[in-house]
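> predicted model, plus sequence, below.
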Amino acid sequence: MDETRAGACAQVPASGLAEAVGRSVAAGGRYAMLVGLDERSLGGAGLGLEAVLVGPGGDLERIRAAVPLDATGYPSITPLVPAAHWDEREARDLLGTVPVGHPDPRRLVLHERWPRGYHPLRKDVPVGARPPLADRRFAPFEVHGEGTYALPVGPIHAGIIEPGHFRFSAIGERVLHLDPRLFFAHRGLEKLAEGRPLAGATPLIERACGVCGVAHGVAWASAVEALTGTRAPARAAWARVLLAELERLYNHVGDLGSICAGIGFGSGAARLGLLRERLVRANDALVGHRYLAGIVVPGGLGRPLDAAALAALPGLVADIEAQVAAAVRSIVRSDGVMARLRTTGAVPAETAAALGATGVAARASGIDADLRRDRPYAAYAELDVSVATAASGDVAARFHVRAQEAAASARLVVEAARRLPVGEDRVPLGEARAGEVAIAGVEGPRGASWLWLRAGDAGTVDRVRLRSASFANWPLVAAAMPGNVVPDFPLINKSFELCYACTDR
């Protein structure tokens, strides 16, 4: 149920795209992604935009509009569906479609020094093209008024993290507005994938992010398998659940420790950091890679699971889960710690829904959604996936939801290991027909990631778009800051614990 092959796609004029998407959301649909297209590779005359939504029953809805090359403007979707605001800005930068009436018309992916009129995802731009850079400066959004000031942070930070610029507008230490600026390390992975064989593009998508590789790998494999009419073996389907839950588990345990680090609670950070290290070592023993890379491939698994490590996994995970639960109990019993977490960085449910929050960030604000349960893939349909929610939307809520999800993932790891069937790990792929589309949604550690894939000639990639959960959730970090103090930013940021890499990709 996680993918669709050549599914129905409603065609609307560019002038009616926003209205059609808004109508679907008003009827109960959830916005998933917007895909910018250059249709000339398949005989089209210009550009295109396709919005993907999830209907109330879980079915996908596709709405596409043609955008002529000589008239690239269209009414912006964002005023009706705020969750589309980064998607529209990204498509404008990379393809040149212009969302007229967008509330923030600044560049997003291509920073100011990129030349105007240069859109690298267009088919007539070579992969290795290096355009001349212009001498233009970034114009940040700042709040003006008596007593206000701007505090710039980054893009280079003291820690070993990827670049991101955060500009706070504040009075004293009270934040009025946060303007985040990412995409300093954009790698153009979607452009690099074009023209590659479907199976050969797997490392590009999997490595969009180092700690969400299984989630993105499963999304990619599911889409490729849908295009080629391939059914992965039962052993591979169950193994994908096992690996995905291991990925969720080590991420959640590490993120709980990061929240402790964000307030200087060293004992909690060290205790949970040690448990995370035990988990990534277990990953290495199981598949030969601490972060589970190279194991999920179209058609099944890239290599067999280690039998001895698999046999030892249930006991190891049960022991670690018990220690995580003990660490969490000691943290929540600390009045000093919980006082820092409660009411900090709160995101109301209506804000989370409007901005398209996903994963822990959504469920901590009361949004009961999880693709593993709502649109099950791999072997999730045969499992009871419990979904934890909270109502306050603050750091404490995100801590509690993440702790409950860690316990649930440990249970699923044990069950998947027990139920893993004997059989082949991988089957050959079938043939893909040029122009066919597949869409896959996977619930990763940070929420729902969506992948849109269209086949080109001779089993190659014509267009792929990966909309990661981090891409969806970064605007929530900005929404969570106003009203808090500047020193709480590390704590609030760590409570979302989003990736730069799969946002920049």
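It's in.
> compute the first-to-last residue distance for stretch 159-174.
Stretch 159-174 has an end-to-end distance of 24 Å (C-alpha to C-alpha, to the nearest Å).
> residues of that stretch that come out buried?
164, 165, 166, 167, 168, 169, 170 (16 or more other C-beta atoms under 10 Å). In short, each C-beta sits where N, CA and C put it, glycine included.
> what about that stretch, average pLDDT?
Average pLDDT, stretch 159-174: 90.
> let's see stretch 370-379 as CSV, backbone CA atoms only.
C-alpha atoms of stretch 370-379 as CSV (Å, rounded to 0.1, in the frame of the first residue of the first chain):
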residue,chain,number,x,y,z
ASP,A,370,2.2,7.3,11.3
LEU,A,371,2.7,5.8,7.9
ARG,A,372,3.7,2.4,9.4
ARG,A,373,0.1,2.1,10.6
ASP,A,374,-1.8,4.4,8.2
ARG,A,375,-0.2,3.2,4.9
PRO,A,376,1.7,0.0,5.9
TYR,A,377,4.7,-1.1,3.8
ALA,A,378,7.2,-3.9,4.0
ALA,A,379,5.7,-6.3,6.6
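> give the closest residue to residue 91 in space, chain neighbours not counted.
residue 36 (3.4 Å; C-beta to C-beta, 6 or more residues apart in numbering).
> now do that neighbour, the pLDDT please.
97.
> list the contacts for it?
Applying C-beta atoms under 8 Å, 6 or more residues apart in numbering, we find residue 36 in contact with 47, 48, 49, 90, 91, 94, 95, 97, 121, 465.
> and the residue of the chain positioned farthest from its centre, how far from residue 171?
For the chain, the largest distance from the centre (C-alpha atoms, centre = their mean) belongs to residue 146, which lies 38.9 Å off. Distance of residue 146 to residue 171, given as C-beta to C-beta, to the nearest Å: 9 Å.
> and if you look at residue 446?
For residue 446 relative to residue 171 (C-beta to C-beta), the value is 32 Å.
> what does residue 406 give?
On the measure of C-beta to C-beta, residue 406 and residue 171 end up 38 Å apart.
> which SS state does residue 124 fall under?
coil (DSSP: H, G, I helix; E, B strand; the rest coil).
> toward the C-terminus, what is the element adjacent to the longest helix anywhere in the chain?
Using DSSP state H to define each element, the chain has its longest helix at helix 234-262. Using DSSP states H and E, the helix or strand that follows helix 234-262 towards the C-terminus is helix 266-287.
> what helices or strands is that following helix leaning on?
helix 234-262, helix 307-332 (3 or more C-beta pairs under 8 Å, 6 or more residues apart in numbering; DSSP states H and E).
> among these, which is the most enclosed?
Highest mean neighbour count among the helices and strands packed on helix 266-287 (mean count of other C-beta atoms under 10 Å): helix 234-262, with a mean of 25.
> other SSEs contacting it?
So helix 234-262, by 3+ C-beta pairs under 8 Å, 6+ apart, packs with helix 213-228, helix 266-287, strand 300-301, helix 307-332, helix 395-419, strand 437-444, helix 489-496.
> what bits of this protein have low per-residue confidence?
Applying pLDDT under 70 to the chain flags the ranges 1-7.
> residue 136: which of the buried residues of stretch 159-174 is nearest?
residue 165 (15.9 Å; C-beta to C-beta).
> which strand residues bridge the closest one?
For residue 165, the beta-bridge partners are residue 181 (DSSP bridges).
> got the contact list for it?
152, 153, 154, 155, 180, 181, 182, 184.
> what do you get for residue 267?
residue 260 are the contacts of residue 267 under C-beta under 8 Å, 6+ apart.
> also the one 4 residues further on?
In this structure, residue 271 makes contact with 257, 323, 327, judged by C-beta under 8 Å, 6+ apart.
> now those residues in a markdown table, please, with extra columns for distance to residue 303.
Listed next are the contacts of residue 271 as a markdown table, based on distance: C-beta to C-beta, whole Å:
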| residue | distance to residue 303 |
| --- | --- |
| 257 | 30 |
| 323 | 30 |
| 327 | 33 |
